[in-house]
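> need a structure here:
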Amino acid sequence: MARKRASRSRGDSSNPNKVLIVFLVLFILTTLGLGGWIYSMFADRHRGQQLKEEAQKILGEAKTREEWAMLQVYEMRAQGGDAAVLDEKSTDFDQWKTFRAAAIDSSGAELKFIDNGKYKAFDKDRKPFEEAVKTGASDLGWNQAGHRYVKSYRDLVNELRAALKKAQDQHYAVLLEKTALETKYNSMAAVAKTERDKAFTEIKTGNEATLAAAKARTKEMTDALNRNATLQGQITKTNEEFTAYRTRQEAKIRELEEKIALGGLAGGEKDPKAPRPSIAQPHALVLDISRGKPLWDRARGKLLTIDDVARRVTIDLGAEDGVRPHMTFNVFAAGWGDRPEGPFKGTVEVVRADPKTSLAKITSVYDAQGTEISLNDPSPAKILREGSNAWKTGDLLFNLGWGTHVAVAGVIEWTGRRADSPAAQAEEMNTYLRLLGDQGIKVDTHVDPRDGQRKGNLTARTAYLIVGHLAGNGQSGDVRTKAVNDGLAALRKEAAERGMFIISADNFANVLGYRPPRSRTDTELSAFRPGMPAGGAILSARLGDDVSAAALAELTGKWSGKLSGGGTLRLSFKGDGGCVWELQRGVEPKRNYTPLTSAGNQLTAVIDNTPVTLRLVDAGRGLHVAGTGLEATLRKE
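Numbering: from 1, shown residues only. Below is the predicted model:
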């Protein structure tokens, strides 16, 4: 039994089915392991390929960034003048040229930076680089053919150093010259001081001798001055009487001439070649400025600056005030309260109107005697600055017609040509109307010289009637001439009934400050001759009994200065033996009039209820004012 079991047991272990099963299990396990290994190997290979591609991409970006950085380095080295970059045979030059072509298109006249090019990823920091390249091209210049900058910043620095060295040498030379001149000046000043002291000593000795002689003749001089004052008063009175008489006679002559021209005198013969008769008959409101009297309503503005060489002034009126080119103004000195004072100075014409101010040219200049001075005088600047009627900042501007409404009647021969035909008279009228428009004047109505018809109508704002000559020398003539003269007569009658000012065309241009244009070579003077008085108080020799003419003559004018205790004092001496004073110690100034009285060899006055004495000092260049709490030394303006 035992042997039989053993035999069966060996037979079972060698069973082919079990062996096959084991083999199959081992095969499957081997296949699975091999497949897994192969799959893992291919997966690692794919991952490695991806890493390689990513590495190549990063390497390319790094290379591009390196090229971008190298381009900037090469550019700065080229601007600095690095020889290695500028050598056409060097690797640096080739790389700079290649990198630059990828970023900058320099084929045209101007540098053009390439957008979306090789270096587009660096747009954030491209702006500073572009500015550096443009600045370098502007400062150094760019040679496209040679692919290089014309010069380098090193060259510029060397040039600046050379210029600095030259300027330092020049400065040193000037310092040496200045030192030499100072030494020479100090030497001359010492000599001049010695000579001046010597001269002052001689002058003092002479003054003392002259004073002693003058004191010996004081009574004789006083009597002579008193006689002179009396004679001056008589002359003034005689002049006034003669002026009044002449005015009456001239008015009578004008009245008779107009009556003759209109056939108002029996047997009056009319000469066709006689001067044109005026239709401005004597009237209570007729303006006659032939003597330059101040018939102004108010000052329009002031002079701000005076260029006496270019004959240009700046005024405080501009386009915002209604000023336009070609507007004109008369110029007078400024008195108290912005009133005109002193003789007529001249005229200006606006050439450019800015918003707040305007530039004007000087069109005429007059001296203190009313005589016009040619603008072609060889020393016009000296005349304006130092003449007897010098122009000053603050002088007042006047234009009687600015902003007003007017009517125009008569034959206006404005350009100086004799206009006989209706067409010529109409052309002259239109020229004058344009002149009024340039002056800011509104023409409400005028009589058409072609047919005598009135264009427009008088209004409540019409202030002036500007009259010219009668048509046809005042003769009835043809139908057109009669119609024109009838139209003028009707307009003149209506203007007189309304109380309008009646003025000639020439006189109206004068009160506007208008002067016809003249060339720089034209020496002819205008026909306007202003007379005295002109503006402000009239200086005369009619003095008070207590003040001598000699004493007042030395003081006449304006004096101003600072008070010793603070504040300012201004005195304006008049020809009537008194003065206007203005005292300012606070915000509001005080102003009043005081008569002058004599006290020995001094004058006395009352200023702000304080008695003061007035005495000339410093050889007449100063005026000492002394009183209780009121002391100052004034200088003449």
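
> And the helices in the stretch 451-600 of the chain, which stretches?
Remark: helices assigned in the stretch 451-600 of the chain by DSSP state H, counting those that start in this stretch are 479-498, 505-512, 549-555.

> pLDDT averaged over the second one, what's the number?
Confidence over helix 505-512, taken as the mean pLDDT, stands at 82.

> One more: the shortest one?
Confidence over helix 549-555 (mean pLDDT, whole number) is 60.

> Setting the sequence-adjacent residues aside, check what's closest to Glu67.
Phe99 (5.2 Å; C-beta to C-beta, 6 or more residues apart in numbering). All C-beta spots, glycine's among them, are computed from the backbone N, C-alpha and C.

> Contacts only, for the one you found.
Glu67, Trp68, Met70, Leu71, Tyr74 (C-beta atoms under 8 Å, 6 or more residues apart in numbering).

> From Asp87, how far off is it?
For Phe99, the distance to Asp87 (C-beta to C-beta, to the nearest Å) stands at 16 Å.

> Val408 now?
Using C-beta to C-beta, one gets 88 Å for the distance from Val408 to Asp87.

> beta partners for Val411?
With DSSP bridges as the criterion, Val411 is bridged to His469.

> now swap in Gly561 and tell me
With DSSP bridges applied, Gly561 shows beta-bridge pairing to Leu569.

> related to what we said a few turns ago, can you tell which of the helices of the stretch 451-600 of the chain is closest to Tyr185?
helix 549-555 (37.7 Å; C-beta to C-beta).

> re the thing from before, most packed of the helices of the stretch 451-600 of the chain?
Neighbour counts (mean count of other C-beta atoms under 10 Å) averaged over each of these peak at helix 505-512, with a mean of 22.

> to the chain's geometric centre, what's the distance from that helix?
How far helix 505-512 lies from its chain's middle: 28 Å, per C-alpha atoms, centre = their mean, to the nearest Å.

> Ok, stretch 342-359 next?
When distances are taken as C-alpha atoms, centre = their mean, stretch 342-359 is centred 11 Å away from the chain's centroid.

> Please spell out which residues along it are buried.
Buried residues in stretch 342-359, counted by 16 or more other C-beta atoms under 10 Å: 342-350, 353, 357-359.

> between the residues you listed, which is closest to Ala163?
Nearest to Ala163 out of these is Leu359 (C-beta to C-beta; 39.8 Å).

> Give the helix, strand or coil label for that closest one.
Here Leu359 is recorded as strand under DSSP: H, G, I helix; E, B strand; the rest coil.

> that older thread, closest one to Thr431 out of the buried residues of stretch 342-359, please.
For the buried residues of stretch 342-359, the nearest to Thr431 is Glu349 (16.6 Å; C-beta to C-beta).

> pLDDT at Leu231, what is it?
Looking at Leu231, the pLDDT reads 82.

> do the one 5 residues further on as well
The predicted local distance difference test score for Thr236 is 72.

> same question for the strand ranked longest in the chain, mean pLDDT?
Looking across the chain with DSSP state E, the single longest strand is strand 340-353. For strand 340-353, mean pLDDT is 88.

> before we move on, what about stretch 64-77?
In this model, stretch 64-77 has an average pLDDT of 82.

> For it, buried residues please.
In stretch 64-77, counting by 16+ other C-beta under 10 Å, buried: Thr64, Glu67, Trp68, Leu71, Gln72, Tyr74, Glu75, Met76, Arg77.

> Just the helices from the chain, written as ranges.
Assigned by DSSP state H, the helices in the chain fall at 2-13, 16-80, 83-86, 91-103, 126-140, 153-216, 218-261, 380-386, 422-438, 479-498, 505-512, 549-555.

> Give me whichever of these is most buried.
Highest mean neighbour count of these: helix 505-512, a mean of 22 (counted as mean count of other C-beta under 10 Å).

> And Ile315, how far from Asp395?
Ile315 is 10 Å from Asp395, by C-beta to C-beta.

> shared neighbours, those two?
Shared contacts of Ile315 and Asp395, defined by C-beta under 8 Å, 6+ apart, comprise Lys302, Leu303.

> quick revisit: list the strands paired with the longest strand of the chain, with their directions.
strand 328-334 (antiparallel), strand 358-366 (antiparallel).

> Relative to Gly206, which of these is closest?
Distance to Gly206, taken as C-beta to C-beta, is lowest for strand 328-334 among those, at 37.2 Å.

> Adding distance to Ala463, write the contacts of Phe99 out as CSV.
Listed next are those as CSV, based on distance: C-beta to C-beta, whole Å:
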residue, distance to Ala463
Glu67, 86
Trp68, 82
Met70, 86
Leu71, 81
Tyr74, 83
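
> still on that earlier bit, can you give me how far the longest strand of the chain is from the chain middle?
Taking the mean of its C-alpha atoms, strand 340-353 sits 16 Å from the chain's own mean (C-alpha atoms, centre = their mean).

> Send over it as CSV, restricted to the C-alpha atoms.
Presented in CSV, the C-alpha positions along strand 340-353 are these (Å, rounded to 0.1, in the frame of the first residue of the first chain):
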residue,chain,number,x,y,z
PRO,A,340,-4.7,168.2,-19.0
GLU,A,341,-2.0,170.6,-18.1
GLY,A,342,0.5,172.6,-20.1
PRO,A,343,0.9,173.0,-23.9
PHE,A,344,-0.2,170.5,-26.6
LYS,A,345,2.5,167.9,-27.1
GLY,A,346,1.6,166.1,-30.2
THR,A,347,-0.4,163.1,-31.7
VAL,A,348,-0.1,159.3,-31.9
GLU,A,349,-1.7,156.7,-34.1
VAL,A,350,-2.4,153.1,-33.1
VAL,A,351,-0.5,150.5,-35.2
ARG,A,352,-1.3,147.3,-33.2
ALA,A,353,-4.1,146.7,-30.7
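
> Offset the numbering so it begins at 48, please.
Shifting the count to begin at 48 puts that one at strand 387-400.

> and the angle from that strand to helix 552-559?
For strand 387-400 against helix 552-559, the angle by axes from the mean of the first three to the mean of the last three C-alpha atoms, to 10 degrees is 90 degrees.

> for stretch 498-515, the distance to its chain's centre please.
38 Å.

> Quick one: end-to-end length of that stretch, please.
16 Å (C-alpha to C-alpha, to the nearest Å).

> now Leu422: how far from Asp655?
Distance of Leu422 to Asp655, computed by C-beta to C-beta: 46 Å.

> Of the two, which one has the most company?
Taking other C-beta atoms under 10 Å, Leu422 and Asp655 do not tie; Leu422 has more neighbours (20 against 16).

> just checking, that one touches Tyr413?
No. Using C-beta atoms under 8 Å, Leu422 is not in contact with Tyr413; the gap is 11.5 Å.

> which ones are touching the nearest residue to Asn504 once chain neighbours are set aside?
What sits nearest to Asn504 in space, not counting adjacent residues and going by C-beta to C-beta, 6+ apart, is Thr492, at 5.4 Å. Residues in contact with Thr492 (C-beta under 8 Å, 6+ apart) are Ala454, Val455, Arg501, Lys502, Gly503, Asn504, Leu505, Thr509, Leu538.

> again, only this time at 6 Å
Ala454, Arg501, Gly503, Asn504, Leu505 (C-beta atoms under 6 Å, 6 or more residues apart in numbering).
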